[in-house]
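Student: sequence and predicted structure, then a few things I'm wondering about:
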Amino acid sequence: VAYANSVIGARTLKYPDFLDICIALTGRAPRTGSHLDAGRQARLLLEVEAPAEADDSFWPLLGYHVGLLATVDIPVLAGLEHSQPSRDDLKAFSAAFATTSAAPMFHIAGITPEAPDVTRALAGQAPRHTLQVTLADLRSSWAELNSADSSEVGLVALGNPHASASELARLAELCAGRTRHPHTAVVVTCGRAVHDQASASGHVATLQAFGVRLLTDTCWCMLGEPVVPPDSRNLMTNSGKYAHYAPGLAGRQVHFGSLAACVDAACSGQNQGQLPAWLGQPQPQGTH
């Protein structure tokens, strides 16, 4: 819903079960909320400290944190106008945002369709609230998503939301010529059409040679043992959404990080939990 509204520019809502089926059958939806112009206007302005040379863990981490701040309000993010996120980045942001916020959409000034600038995202109105999002704030959310208290990684869980063809291509590039740790499973969920495309491109063969298991027609929110190895204690993911839900759904503690960090963990069976360079280091107490 968040991706459809915010990235594609479609109009939809978070419908309760069965109402969405009625809408599909009748071609009619309630005339309310984000179906209407007034229901798509931002009310919250978030001024984001843009990091230098961030990796792909930035977008799901930011989405998770922004969702916590937005709660039910549609936010507009300023400060990211030159960040050039990919569709995969925005997909990861959307999923993590929707994990912690009830709002049906978001705006990113200069990036999302209805936010060429902050003024138009706010429809010319003053924001109800203005908040800052600093790297220190993101470090706090990083600590929340990294719940594991030991370095071992028994499972690398990727594809929440479903992996795209470009993500599988990048994963194959990272895995090529490397060896998976014998005690670390690597599982990716994707759509069957994407799987067919990746197979035709040779990426599935590369991933299978590394030891990746690809699953179609399901998602991580529906998966438990034995896909989650019964003897595993921790898993690692690049998904802000799954990092939040996995402790409850899979009963495992979580390491969260970039796709490259996930592949490194798949090779070593370990993740030391260090902060990425772009996120910086917390200042010692008493320094300014």
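Tutor: Sure thing, it's come through.
Student: please count neighbours and contacts with C-alpha atoms only from this point.
Tutor: OK.
Student: at the geometric centre of this structure, which residue sits there?
Tutor: Centroid-nearest residue in the chain, with Cα atoms, centre = their mean: residue 92, separated by 2.8 Å.
Student: would you map the helices across the chain?
Tutor: 2-3, 19-26, 58-70, 87-100, 118-121, 135-145, 165-175, 192-200, 203-210, 240-249, 259-268 (DSSP state H).
Student: can you give me the mean pLDDT across the fifth one?
Tutor: Computed over helix 118-121, the mean pLDDT rounds to 97.
Student: tell me which residues are up against that helix.
Tutor: 41-42, 76-78, 107, 109, 114-115, 125 (Cα atoms under 8 Å, 6 or more residues apart in numbering).
Student: isn't residue 9 right up against residue 111?
Tutor: No: if you go by Cα atoms under 8 Å, residue 9 and residue 111 don't touch, sitting 11.6 Å apart.
Student: more crowded one of those two?
Tutor: residue 111 (21 against 14; other Cα atoms under 10 Å).
Student: how about the contacts made by the more buried one?
Tutor: By Cα under 8 Å, 6+ apart, the contact set of residue 111 is 81, 84.
Student: quick one: list the elements packing against the longest strand belonging to the chain.
Tutor: As assigned by DSSP state E, the longest strand anywhere in the chain is strand 155-163. Contacts defined by 3 or more Cα pairs under 8 Å, 6 or more residues apart in numbering; DSSP states H and E place strand 155-163 against helix 87-100, strand 185-190, strand 234-237, helix 259-268.
Student: deepest of these, which one?
Tutor: strand 234-237 (a mean of 30; mean count of other Cα atoms under 10 Å).
Student: looking only at pLDDT, what's the mean for that one?
Tutor: 98.
Student: quick check: neighbours of it in the sheet, parallel or antiparallel?
Tutor: strand 155-163 (parallel), strand 253-256 (parallel) (DSSP bridges).
Student: looking at those, which is closest to residue 53?
Tutor: strand 253-256 (18.5 Å; Cα to Cα).
Student: how far does the closest one sit from the chain's center?
Tutor: The gap between where strand 253-256 is centred and where its chain is centred comes out at 14 Å by Cα atoms, centre = their mean, to the nearest Å.
Student: which residues touch it?
Tutor: Residues from elsewhere that reach strand 253-256 (Cα under 8 Å, 6+ apart): 142, 145-149, 153, 233-240, 243, 246-247, 271, 273.
Student: which of those count as buried?
Tutor: Among those, the ones that count as buried by 16 or more other Cα atoms under 10 Å are 142, 145-148, 153, 233-240, 243, 246-247, 271, 273.
Student: turn the helices and strands packed on strand 155-163 into CSV, columns for distance to residue 135.
Tutor: CSV is the format used below for these (distance: least, Cα to Cα, whole Å):
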stretch, distance to residue 135
helix 87-100, 16
strand 185-190, 30
strand 234-237, 21
helix 259-268, 20
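Student: which of the ones you listed sits closest to residue 58?
Tutor: Ranking those by proximity to residue 58 (Cα to Cα) places helix 87-100 first, at 8.5 Å.
Student: which helices and strands sit right next to the closest one?
Tutor: Here helix 87-100 touches helix 2-3, helix 58-70, strand 155-163, helix 240-249, going by 3+ Cα pairs under 8 Å, 6+ apart.
Student: for the third one, give me every contacting residue.
Tutor: By Cα under 8 Å, 6+ apart, the residues outside strand 155-163 that reach it are 91-92, 95, 184-191, 194, 219-220, 228-229, 232, 234-239, 241-242, 262-263, 265-266.
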